[in-house]
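K.L.:
attaching a predicted model along with its sequence, questions to come.
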Amino acid sequence: MSVGAARQADGCRVCRVGRGGTVLGVRLNRRQPAAEGIPLKPLRVIGRSAALVLALLIGALLLAPAPASAAGQGGRPWVGTWTTAPTTRPVSDTTTFQDQTLRQVVHASVGGDALRVRFSNEFGTEPLVIGEARIARQDPEGPGSSVLPRTDRRLTFDGRAGVTVAPGERLVSDPVGLRIPAAADLVISVHLPERTPGATLNAYANQENYVAAGNVADDADIAPTATTDRWYFLTGVSVRGQARDAVVALGDSITVGSTLSSNHRWSDFLAERMRAAGPRLPETGVLNAGISGNRLLRDPNPPEGSPAHAWAAYFGQAGVTRFERDVLSQPGIGHLILFLGINDIGQPGTRSAPASERVTAAELIAGYQGLVDRAHERGVRVIGATITPFRGDTLGFHTPENEAVRLRVNDWIRNSGEFDAVADFEAAVRDPAEPDRLNPAYDSGDHLHLNDAGNEALASAVPLDAFRHR
């Protein structure tokens, strides 16, 4: 796929790549000196290159690239199988990579016979130089950092192995032929030859990833020098297969999940339910765009002197700001599950946000309505998810006033008719005896977040009939 076609297909701005790995005057070095200090987190790489389809016709016809958005080979569209939502980092996070390989693991929701991988340097202030990137299936018999050699593929970018992504830019790889089933664990390995600050990341991936010295991107087994539960520079994988549609879960830490490397987020359980439904449901990618601490209406803004300055940047841009990038730009987007708002209600007045940012139910409802309208303008159906209870939480979110806002918002979600369907998450996980609390069977222990059983209960509350209509 050409850079131009890739830009159109995934909505990415893509920097130019010269011969021999030279990008905008920067030459990729195969080896660099050892890193300046120990990076706190690693990653893995997926994705790889492949085919730009050119129609060569006899006569006076011209070569033409395949149309943008949709169709891969045989008219099959590209559909997201995995995503994460990137954020910036606080100034206290100085994680830096140099001549190291990030090996990151992602969990595919649907399968296919070709893949593309998206990378981002959105929050970087320096070029992101990728010396080599590869994708493979994880070896289920080995350690988490090992891959199945027969599945290993090199990723390319406009036909080249090396690429530089300018600050603020995003990039999609060429298609690469690799057949994967639904629920496959994929390993994406990226060699970073130059000094690279880890400035674009999802800080709470709940997935163990790996860092190794040097360029070991094509090694089946590596010797990690560090592990991390973050994803760096990696934002999505799309597939060409039987799926025609994707649903995005837009949420916060409850959507991000809890148990490390278990794939027990509620979006993972939803993908399992949809697969179990078989031919009764169209094959649909399930994409998790959760960011821990995220709010619908406001960016992070901890009070003066708060210790939250050490981590609040990881909470990401407000849902209304990131909506185009994390929802509407997803390959194959057809449905949205909107599950934000608990942090808008709970954070103000705590160490995470000033009391002056307290929201009313009317303000939250207006925010939801705006996103519903934007989604509907693009032909995306929206499932509204009610806000789960949190009395007794350890973060200081619960007050009688906040509870009143939550109840009013939930009433609007259930009864306004603005949504195409409703997932009553509150009803699924509340304590029957005390409805303003989580059911103890689903409580992670902080009375706000859910355990794995609670995540499964949320997934069970999503009406599958909503996906039969498109």
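P.N.:
Alright, I've got the coordinates. Residues are numbered from 1 along each chain as shown.
K.L.:
any idea how many residues pack against residue 174?
P.N.:
Residues lying near residue 174 (other Cβ atoms under 10 Å) number 25. The C-beta positions use only the backbone N, C-alpha and C, and glycine is treated the same way.
K.L.:
hang on, it in a strand?
P.N.:
No - counting by DSSP: H, G, I helix; E, B strand; the rest coil, residue 174 is not part of a strand but coil.
K.L.:
any regions of the stretch 301-450 of the chain where pLDDT drops low?
P.N.:
Residues of the stretch 301-450 of the chain meeting the criterion pLDDT under 70: none.
K.L.:
and the strands in it, which stretches?
P.N.:
Shown for the stretch 301-450 of the chain, the strands assigned by DSSP state E, counting those that start in this stretch span residues 333-339, 381-385, 421-423.
K.L.:
which of those strands has the highest mean neighbour count?
P.N.:
strand 333-339 (a mean of 25; mean count of other Cβ atoms under 10 Å).
K.L.:
rewinding a little: can I get the strands of the stretch 301-450 of the chain in a markdown table including distance to residue 214?
P.N.:
As requested, the strands of the stretch 301-450 of the chain are exported to a markdown table (distance: least, Cβ to Cβ, whole Å):
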| stretch | distance to residue 214 |
| --- | --- |
| strand 333-339 | 38 |
| strand 381-385 | 45 |
| strand 421-423 | 46 |
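K.L.:
residue 287 is nearest to which of those strands?
P.N.:
strand 333-339 (8.2 Å; Cβ to Cβ).
K.L.:
partner strands of the closest one, with direction?
P.N.:
strand 245-251 (parallel), strand 381-385 (parallel) (DSSP bridges).
K.L.:
now the last one, how far from the chain's geometric center?
P.N.:
Just to be clear, that refers to strand 381-385. The chain centroid and the centroid of strand 381-385 are separated by 18 Å under Cα atoms, centre = their mean, to the nearest Å.
K.L.:
CA atoms only: put that strand into CSV for me.
P.N.:
Output of strand 381-385 as CSV, limited to C-alpha atoms (Å, rounded to 0.1, in the frame of the first residue of the first chain):
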residue,chain,number,x,y,z
ARG,A,381,-25.0,3.3,16.1
VAL,A,382,-24.6,4.2,19.8
ILE,A,383,-25.2,2.0,22.8
GLY,A,384,-25.4,4.0,26.0
ALA,A,385,-24.0,2.4,29.1
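K.L.:
and the residue nearest the centre of the chain, what does it touch?
P.N.:
With distances taken as Cα atoms, centre = their mean, residue 84 lies nearest the centre of the chain, 1.0 Å away. The contact partners of residue 84, taken as Cβ atoms under 8 Å, 6 or more residues apart in numbering, are 106, 202, 205, 231, 234, 235, 236, 288, 289.
K.L.:
which residue ranges of the stretch 51-200 of the chain form helices?
P.N.:
Here the stretch 51-200 of the chain has no helices by DSSP state H, counting those that start in this stretch.
K.L.:
so where's it shaky on pLDDT?
P.N.:
Counting by pLDDT under 70, the stretch 51-200 of the chain shows low-confidence ranges at 51-74.
K.L.:
nearest to residue 257, of the strands paired with strand 333-339?
P.N.:
strand 245-251 (10.0 Å).
K.L.:
which helices and strands sit right next to the next helix or strand after that closest one?
P.N.:
Where DSSP states H and E defines the elements, the next helix or strand beyond strand 245-251 is helix 253-256. Under the contact criterion of 3 or more Cβ pairs under 8 Å, 6 or more residues apart in numbering; DSSP states H and E, helix 253-256 touches helix 266-276, strand 284-290.
K.L.:
can you give the domain ranges for the chain?
P.N.:
3-237, 244-468 (automatic domain parsing).
K.L.:
distance-wise, check residue 219 relative to residue 166.
P.N.:
29 Å (Cβ to Cβ, to the nearest Å).
K.L.:
do residue 160 as well
P.N.:
Residue 160 is 16 Å from residue 166, where distance means Cβ to Cβ.
K.L.:
what does residue 447 give?
P.N.:
44 Å.
K.L.:
what's the answer for residue 207, then?
P.N.:
Distance, residue 207 to residue 166, using Cβ to Cβ: 27 Å.
K.L.:
and residue 414, by the same measure?
P.N.:
Taking Cβ to Cβ, one finds residue 414 at 46 Å from residue 166.
K.L.:
now residue 386
P.N.:
Residue 386 sits 42 Å away from residue 166, taking Cβ to Cβ as the criterion.
K.L.:
which of these two has more neighbours?
P.N.:
residue 386 (24 against 19).
K.L.:
need the phi and psi values for that one.
P.N.:
phi -70, psi 150 (degrees, to the nearest 10).
K.L.:
also the one 3 residues further on?
P.N.:
The main-chain torsion angles of residue 389 are listed as degrees, to the nearest 10 and equal phi -70, psi 160.
K.L.:
isn't it up against residue 402?
P.N.:
No - counting by Cβ atoms under 8 Å, residue 389 does not reach residue 402; the two are 10.9 Å apart.
K.L.:
have a look at these two and say which one is more surrounded.
P.N.:
residue 389 (26 against 21).
K.L.:
for the more buried one, what are its contacts?
P.N.:
For residue 389, the contacting residues are 406, 426, 429, 430, 431, 435, 436, 437, 438, by Cβ under 8 Å, 6+ apart.
K.L.:
what sits against the second one?
P.N.:
Residue 426 makes contacts with 386, 387, 388, 389, 410, as judged by Cβ under 8 Å, 6+ apart.
K.L.:
just the closest of those residues to residue 187, please.
P.N.:
Nearest to residue 187 among the contacts of residue 426 is residue 388, at 33.2 Å by Cβ to Cβ.
K.L.:
how much space between that closest one and residue 146?
P.N.:
38 Å.
K.L.:
give me the more crowded residue out of those two.
P.N.:
Shown here are residue 388 and residue 146; by other Cβ under 10 Å, residue 388 has more neighbours (24 against 19).
K.L.:
re the thing from before, which of the contacts of residue 389 are buried? Put it as a PyMOL command.
P.N.:
Selection of buried members from those for PyMOL, criterion 16 or more other Cβ atoms under 10 Å:
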select buried, resi 406+426+429+430+431+436+437+438
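K.L.:
now distance to residue 213 too, for the contacts of residue 389, in TSV please.
P.N.:
Shown next, in TSV, are the contacts of residue 389 (distance: Cβ to Cβ, whole Å):
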residue	distance to residue 213
406	49
426	48
429	44
430	49
431	50
435	53
436	51
437	49
438	44
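K.L.:
just flag the most distant two among the contacts of residue 389.
P.N.:
Across those (Cβ to Cβ), the longest gap, 14.7 Å, separates 406 and 431.
K.L.:
buried ones in stretch 390-405?
P.N.:
So for stretch 390-405, counting by 16+ other Cβ under 10 Å, buried means 390, 391, 393, 395, 397, 398, 402, 403, 405.
K.L.:
mind listing what the fourth one touches?
P.N.:
Remark: with contacts taken as Cβ under 8 Å, 6+ apart, residue 395 is in contact with 346, 350, 352, 446, 448.
K.L.:
next one: the last one from residue 270, what distance?
P.N.:
When Cβ to Cβ is the yardstick, residue 448 and residue 270 sit 21 Å from each other.
K.L.:
still on that earlier bit, reformat the contacts of residue 395 as a markdown table; add distance to residue 110 and neighbour count.
P.N.:
Shown next, in a markdown table, are the contacts of residue 395 (distance: Cβ to Cβ, whole Å; neighbours: other Cβ atoms under 10 Å):
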| residue | distance to residue 110 | neighbour count |
| --- | --- | --- |
| 346 | 34 | 24 |
| 350 | 39 | 17 |
| 352 | 35 | 25 |
| 446 | 33 | 13 |
| 448 | 31 | 22 |
